[in-house]
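Asker: mind folding the following:
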Amino acid sequence: MKETIAILSIVTITLIGCGGDKKQTEQASTAVESKKVIDVVIIQQQSEPDTLKGSLTAEATGKIGNTEIKIAYHSPSVRGRIIWGGLVPFDKVWVTGAHMATSIEFNHNVEIGGKTIAAGKYAFFTIPGKDGWTAIINTNWQQHLTDKYDEAQDVVRLKVKPEQEEKNQERLRYVIEAEGNNSGEIVMYWERVEISIPFKIKG
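Answerer: Numbering: from 1, shown residues only. Purely as a prediction, here's the structure:
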């Protein structure tokens, strides 16, 4: 499987909200503006542990023809732990990240597993197994982990074969790889495992 080296970058997103005391509406002009800063990271190839704590807010983006794909996720690190069959149980639906559901967004229709997926935003789940995985595209992308996962909301379920990498990938990483002008792959790397989900551009 060919590999694309991503350049580490940080995008700072500032969310701004205004708050005031409802009991003193006449003094609304003195309301305090609050700000919350979120660093969004593009995860790079990384074989050694880093000093950053927790699961980083990350994203992966790609463009194939006129179709843009964006994956938003939280990236945990290995940190010497047993991942498969340990931190991530076999044969259970996994958020394929941490904290919130991993989301994937297409601005044009795509085809995965022989099914057309309409442009929009979806959740991306997997079911890791010892010999094979199941990749899942689900309509409910706004959920904590798999707390509200419902198989009835699955758009696609696709069997995929994991590949073993020679080098460790410390932080979970997604890459969008082009395979020509109208097709590509969604690739996930973590620890020494790689899974790839092929897709085609529709229309």
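Asker: once you drop chain neighbours, what's closest to Val155?
Answerer: Ile137 (4.6 Å; C-beta to C-beta, 6 or more residues apart in numbering). The way it works is simple: take the backbone N, C-alpha and C, and place the C-beta from them, glycine included.
Asker: the strands in the protein, which residues?
Answerer: Using DSSP state E, the strands of the chain run over 10-19, 32-41, 56-64, 67-75, 103-106, 110-112, 115-117, 120-127, 133-138, 154-160, 163-178, 183-201.
Asker: any chance of these in a markdown table with mean pLDDT, distance to Leu87 and mean neighbour count as columns?
Answerer: Putting these into a markdown table (pLDDT from 0 to 100; distance: least, C-beta to C-beta, whole Å; neighbours: other C-beta atoms under 10 Å) gives the following:
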| stretch | mean pLDDT | distance to Leu87 | mean neighbour count |
| --- | --- | --- | --- |
| strand 10-19 | 36 | 26 | 9 |
| strand 32-41 | 56 | 20 | 10 |
| strand 56-64 | 96 | 16 | 18 |
| strand 67-75 | 97 | 14 | 21 |
| strand 103-106 | 98 | 21 | 20 |
| strand 110-112 | 97 | 27 | 21 |
| strand 115-117 | 96 | 29 | 15 |
| strand 120-127 | 98 | 14 | 20 |
| strand 133-138 | 98 | 16 | 22 |
| strand 154-160 | 97 | 20 | 16 |
| strand 163-178 | 96 | 11 | 18 |
| strand 183-201 | 97 | 9 | 20 |
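Asker: rebuild those as CSV, extending it with distance to Asp147.
Answerer: Output for the strands of the chain, formatted as CSV (distance: least, C-beta to C-beta, whole Å):
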stretch, distance to Asp147
strand 10-19, 23
strand 32-41, 22
strand 56-64, 19
strand 67-75, 15
strand 103-106, 15
strand 110-112, 24
strand 115-117, 23
strand 120-127, 12
strand 133-138, 13
strand 154-160, 16
strand 163-178, 20
strand 183-201, 21
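Asker: among those, which is nearest Thr146?
Answerer: Ranking the strands of the chain by proximity to Thr146 (C-beta to C-beta) places strand 120-127 first, at 6.6 Å.
Asker: between strand 154-160 and that closest one, find me the angle.
Answerer: Angle, strand 120-127 to strand 154-160, by axes from the mean of the first three to the mean of the last three C-alpha atoms, to 10 degrees: 40 degrees.
Asker: name the helices or strands packed onto strand 120-127?
Answerer: In terms of contacts (3 or more C-beta pairs under 8 Å, 6 or more residues apart in numbering; DSSP states H and E), strand 120-127 is packed against strand 103-106, strand 133-138, strand 183-201.
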